[in-house]
Every structure is written in C-alpha cells, then in structure tokens.
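[1] No letters, just coordinates:
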Ligand code: NAD
C-alpha cells in the first residue's frame, strides 16, 4: 500500500482519492477552495493544512487540477511538488493538460530523479465514482507496473500509450472525438426538430445502426429533457479543444471539422454558458435554427 499526496479534490479528484482510501492506501489530500475541502472531508479523505504537508512524506504524489497553468504552478512553482517531494518519490499528473507542458514537467522531475507519469482519464464523474476510469498513460512501463495498485484503485482500463506526454496526446484525441460526436448529436436533433420528426424515436433507431455512438446512448435522454447540469463543463471541453488545436498547429495537422466544433464550444463559454454540460451544444444548434437564445 502506498502513501499518497493527492492535490485537487474537485469533481474528479474527490472520488478518485476516496477510492484510493477505500483500497487501503494512506492518502493525504489538499485542495484550494474551502468548499472542496469540506466535501473531501465528508467523503472520508484525510486532509493536510498545506500542499507541502500533503506532498512531504508521500511516496506517490497525484495532481488532478483544471488546466496547464494550474499544473505547472503546482508541480514546478515555489513550494510546489518538485520543491517538496520526497527523494525518489513518484509524481503522477492525471489532469488533462497540454502535451508540451506535460513533457516539460516530466523532464524536470526525471532530471531530479523522480519517476513521472502523465495519466489523464476518461469516463467522467460517474467513472471516477465507480473506479472504472480509462487511464491513458505516458511514461515508462516500469513506473506503471510499480504504481499498478494505485492506478487500479481509480481505473479499470490502464493503457500505456508511449513516452512522456503521450497520455495527453491520446486524451486530446479522445476529446476531439467526443466533441465532434456531441456536435453531430446537436445537429441531428436540430435537423429532426426542423423536419417535425420525433427526435427521440429517430435517435433510438439511429443508435442501433452505424450512426450509433456512446454519446447518443449516454446523452440523448438528458439533452431532450433539457437537462444541462454538468457532467463535464463546456469550459473544460473548450480548454481541451484549445489543447487539441494548439497541438495540431505545432505539428501542422489540418482539422477543419474539429476547428469548427471548437468554435461552437468557445461560443458556449463566450455566451456565459461555460458552466453547462458540454452537451449544451444542442442549445446553440437550435439557436442557429431560429430558437430564442436561452
Ligand atoms: P474541478 O474544477 O472540479 O476540480 C479541480 C480542483 O482543483 C478544484 O477543487 C480546485 O479547488 C483545485 N485546485 C485548483 N488549483 C489548485 C491549486 N493551485 N492548488 C490546490 N488545488 C487546486 O475539475 P474536475 O472536473 O475535477 O477536472 C480536473 C481535471 O480532470 C481537468 O483537467 C479536467 O479536464 C479533467 N477531466 C474532467 C472530467 C469531468 O468529467 N469532470 C473527466 C475527465 C477529465
């Protein structure tokens, strides 16, 4: 059993840390906001007074933070993980961030003698609560094997996808697919409604054929009921599509459809709806078809 410092106890980090506690690991958590800390305590996660207290003495440090600047500041900043982590301890970042930032962080930890993994996840809050996340990991195989019991407490699919930063590349690709599938769902609903067709019946039929998708299976009911509470906030998916487009730009990849979908996600944020679930793309699709802005 490992001694784990867990930084970032939000929607995802809280249930992930709780599952580590349940699996018998000695977890000490830290998160910035008071509300998050109170929720973590209620979930049975022991907390430290400061980030340094959570990190010192841990043989594994995990971060689950919103964006690249957050991870950079926590990992490399003054009094951050690199400055306080125990000799030879392992650092695992499970946030979704830029592959380039992830590689830079990995270089610094490796240079200081720390095994390091980028291990972003897919599966959402439900997957985190159930401990069945898909974890896509960049780093070396020996470190993954050494941390298998930690990883398996949070996820049921543990995939080694390559060197440092590769986990973030695959996660970015995952977010590209999910966003384009969501936009397809949004437009098929706008199309069916414009035709006066029964969207529910239409999507039930589509779901069984080649046009079916996990997005249609999981999102149709809530979208048609007008329920857009997160779930996965549009502002986080906007951040992920920025990561995709920046990475595409730096490698010269041409992604015209993803680029358009990224603009729709951006528009949700720009119109004050970044806190809604990413499936709120359907609201924009309806507005483009004449529905009153909501
Ligand atoms: P969140 O905003 O709910 O949680 C992030 C937590 O980090 C917050 O509790 C915040 O207080 C804490 N935090 C931020 N800066 C901090 C700092 N400097 N020090 C300590 N704590 C700090 O976000 P989330 O939904 O849990 O997502 C976390 C990451 O996981 C993101 O990168 C997101 O893209 C990714 N992700 C989210 C989902 C999802 O469904 N929500 C699914 C897969 C991946």
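    The structure has been received and is ready for your questions. Bear in mind the structure is a predicted one, so any value in this text is a computation, not a measurement. Numbering: from 1, shown residues only.
[2] buried ones in the longest helix along the chain?
    Counting by DSSP state H, the longest helix found in the chain is helix 166-194. With burial defined by 16 or more other Cβ atoms under 10 Å, the residues of helix 166-194 counted as buried are 166-172, 174-176, 178-190, 192-193. Any C-beta I mention is one placed from the backbone N, CA and C, and that applies to glycine too.
[3] residue boundaries of the strands in the stretch 51-200 of the chain?
    Using DSSP state E, counting those that start in this stretch, the strands of the stretch 51-200 of the chain run over 60-63, 90-93, 116-118, 121-122, 133-138, 155-162.
[4] Among the ones you listed, which comes closest to residue 82?
    strand 90-93 (7.8 Å; Cβ to Cβ).
[5] Name every sheet partner of the closest one and say whether each one runs parallel or antiparallel.
    With DSSP bridges as the test, strand 90-93 is paired with strand 60-63 (parallel), strand 116-118 (parallel).
[6] so how far is the longest helix of the chain off the chain centroid?
    On the basis of Cα atoms, centre = their mean, to the nearest Å, helix 166-194 sits 15 Å off its chain's mean C-alpha point.
[7] got it, and stretch 269-284?
    Put simply, stretch 269-284 sits 17 Å off its chain's centre (Cα atoms, centre = their mean).
[8] For the strands of the stretch 51-200 of the chain, give me JSON lines that also has distance to the ligand.
    Shown next, in JSON lines, are those (distance: least, Cβ to the nearest ligand atom, whole Å):
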{"stretch": "strand 60-63", "distance to the ligand": "8"}
{"stretch": "strand 90-93", "distance to the ligand": "9"}
{"stretch": "strand 116-118", "distance to the ligand": "11"}
{"stretch": "strand 121-122", "distance to the ligand": "5"}
{"stretch": "strand 133-138", "distance to the ligand": "8"}
{"stretch": "strand 155-162", "distance to the ligand": "11"}
